[in-house]
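J.: Based on what follows, work out the 3D shape:
(one chain, ligands or ions: 2)
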Amino acid sequence: MSAPIVSSLGPEPWKAPWWKAAKGDRSTFLYLVAIHLLALIGVIFFPVTRWEIVAAALALTWFGGLGITIGYHRSLAHVALRLHPVVRHALIFFAMFNGSGAPDSWAANHRQHHAKVETPEDISSPSIGGFWWSHLRWLWQAGNVPLSRWCPDLDKPEYRFWNRMQVPILAVSLFCGVPFGPAAFFWLGPMRLAASLHVQCFVNSIAHMRPHRREGEDSSQNIAWLGILHLLQGENWHGNHHAKPWSARLGWKLWQSDFGWYAIVLLEFLGLAVKVRRPDVARFTGASSAAPSSGSTPPRAPSCSPPTHPAPRRRA
Ligand SMILES: [Zn+2]
Ligand SMILES: [Zn+2]
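T.: Ligands and ions are numbered 1, 2, ... in the order given. Next up, the predicted model:
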């Protein structure tokens with residue numbers, strides 16, 4: 001059953017001018033323009049600052065990254081593990097403080113991406129809409145995917161609460177550095193938010209721009225250098241992820257740093273994470289002749305693979 005992109009810009013919104021926002025997404029577009037302009041001003045006037053401010057910006061980015069990769073991606077979108085409610089909602093807060101939006105819409109977009117990859121129904125496909133579509137434009141031009149189809153399991157008061165908190169959290173996130181001076185404002189606010197945005201968006205764009213692939217393979221790929229920008233938290237192993245999207249572990253080899261996974265192992269040890277799903281990494285660690293020779297890209301999942309979450313249920 002199809003779930004086409006619903007956008008007021010038409011059935012192929014990537015053909016619309018980039019500055020046109022879909023109905024209901026104008027505020028998203030204006031917010032993105034604003035943080036980019038402010039970030040540019042910050043880079044020009046405050047290219048360097050005190051180490052305390054840099055450390056605070058990195059710390060917020062670190063916890064924001066864990067919020068996205070463990071909280072939103074591995075736990076909520078793929079149900080690769082179950083988190084203690086306190087940990088789950090703390091990670092949701094950090095993800096929202098990092099500018100990633102509410103958990104239900106994030107999970108819905110992502111589940112549709114996996115289920116419809118390499119088709120016009122993939123909400124952020126570079127092979128369909130090009131680099132800038134997959135990197136940014138879909139955020140304000142693709143419209144909303146139907147939550148009732150893609151994440152009925154998140155249609156609960158505990159997640160709807162976060163929808164109401166979006167604007168307040170984002171406002172605090174943007175202006176949290178103001179009490180500490182102008183440099184802190186730019187570094188902790190727009191510069192951090194713009195940098196975090198692009199780092200995440202690279203997963204949708206360049207991690208899906210694999211130049212050589214066989215018939216029936218999807219475009220996802222592992223990109224080692226992207227791991228530096230992701231603070232080694234594992235999202236850059238996107239080829240691994242598409243091969244086994246149900247796995248809570250993204251870096252399968254010892255050299256594939258995945259601090260998201262290390263944190264999950266720690267949470268599991270502490271009893272704060274259960275039902276952690278593990279890949280059969282023995283095939284990819286050199287223990288088997290089946291290991292890929294390059295070590296960089298695992299066997300591919302077929303394109304248009306089925307949803308990787310519990311089968312969506314329709315509302316009565
Ligand atoms: Zn992907
Ligand atoms: Zn995923």
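
J.: make it CA atoms for all contacts and neighbour counts henceforth
T.: Will do.

J.: and C176, what does it touch?
T.: F185, L188, G189 (C-alpha atoms under 8 Å, 6 or more residues apart in numbering).

J.: let's go with 10 Å and repeat that
T.: Residues in contact with C176 (C-alpha atoms under 10 Å, 6 or more residues apart in numbering) are L170, A184, F185, F186, W187, L188, G189.

J.: For it, which phi and psi angles does the backbone take?
T.: The phi and psi torsions at C176 (degrees, to the nearest 10) take the values phi -60, psi -20.

J.: Also A273?
T.: phi -140, psi 130.

J.: For it, give the beta-bridge partners.
T.: Assessed by DSSP bridges, A273 has beta-bridge partners L83.

J.: pLDDT value on it, please?
T.: A273 is assigned 98 on the pLDDT scale.

J.: can I assume it is in contact with R82?
T.: Yes. Here A273 reaches R82: they are 5.5 Å apart, a contact under C-alpha atoms under 10 Å.

J.: shaky segments in the protein?
T.: The chain contains residues with pLDDT under 70 at 1-6, 281-316.

J.: Which strand or helix spans the residue most central in space within it?
T.: Nearest residue to the geometric centre of the chain (C-alpha atoms, centre = their mean): Q200, 5.5 Å. Secondary structure assignment for Q200, by DSSP states H and E: helix 192-204.

J.: tell me what that helix is packed against?
T.: helix 26-45, helix 51-66, helix 131-132, helix 157-175, helix 182-186, helix 226-229 (3 or more C-alpha pairs under 10 Å, 6 or more residues apart in numbering; DSSP states H and E).

J.: neighbours around L254, how many?
T.: By other C-alpha atoms under 10 Å, the residues close to L254 number 8.

J.: Let's verify it: helix, strand, or coil?
T.: Three-state assignment for L254 (DSSP: H, G, I helix; E, B strand; the rest coil): coil.

J.: and W138, how many neighbours does it have?
T.: By other C-alpha under 10 Å, neighbour count at W138 equals 21.

J.: Can you tell me how far it is from G42?
T.: W138 sits 26 Å away from G42, going by C-alpha to C-alpha, to the nearest Å.

J.: do T61 as well
T.: 17 Å.

J.: just W132 next, same as before
T.: Relative to G42, and taking C-alpha to C-alpha, W132 is found at 24 Å.

J.: ok, now L270?
T.: L270 sits 41 Å away from G42, going by C-alpha to C-alpha.

J.: which of these two has more neighbours?
T.: G42 (21 against 10).

J.: Pull the contacting residues for Y72.
T.: Contacts of Y72 by C-alpha under 10 Å, 6+ apart are 65-66, 78-79, 88, 91-92, 95-96, 100, 102-104, 106-107, 110.

J.: now the angle from the helix holding Q200 to helix 51-66?
T.: 40 degrees (axes from the mean of the first three to the mean of the last three C-alpha atoms, to 10 degrees).

J.: and the angle for helix 192-204 with helix 157-175?
T.: 120 degrees.

J.: and G271, how many neighbours does it have?
T.: 11.

J.: my bad, should have said L226
T.: Applying other C-alpha under 10 Å, I find that L226 has 20 neighbouring residues.

J.: Quick check: it touching V203?
T.: Yes. With contacts counted by C-alpha under 10 Å, L226 reaches V203, the gap being 8.8 Å.

J.: joint contacts of those two?
T.: Joint contacts of L226 and V203 (C-alpha under 10 Å, 6+ apart) are E235, N236, W237.

J.: most neighbours, which of those?
T.: Among the shared contacts of L226 and V203, E235 has the most neighbours (other C-alpha under 10 Å), with 34 neighbours.

J.: In contact with that residue, which residues?
T.: 65-66, 68-70, 73, 199-200, 202-203, 207, 222-223, 226-227, 229, 241, 249-251, 257-260.

J.: quick one: it and Y159, what's the gap?
T.: 23 Å.

J.: quick one, which of the helices and strands packed on helix 192-204 is nearest to N144?
T.: helix 26-45 (12.1 Å; C-alpha to C-alpha).
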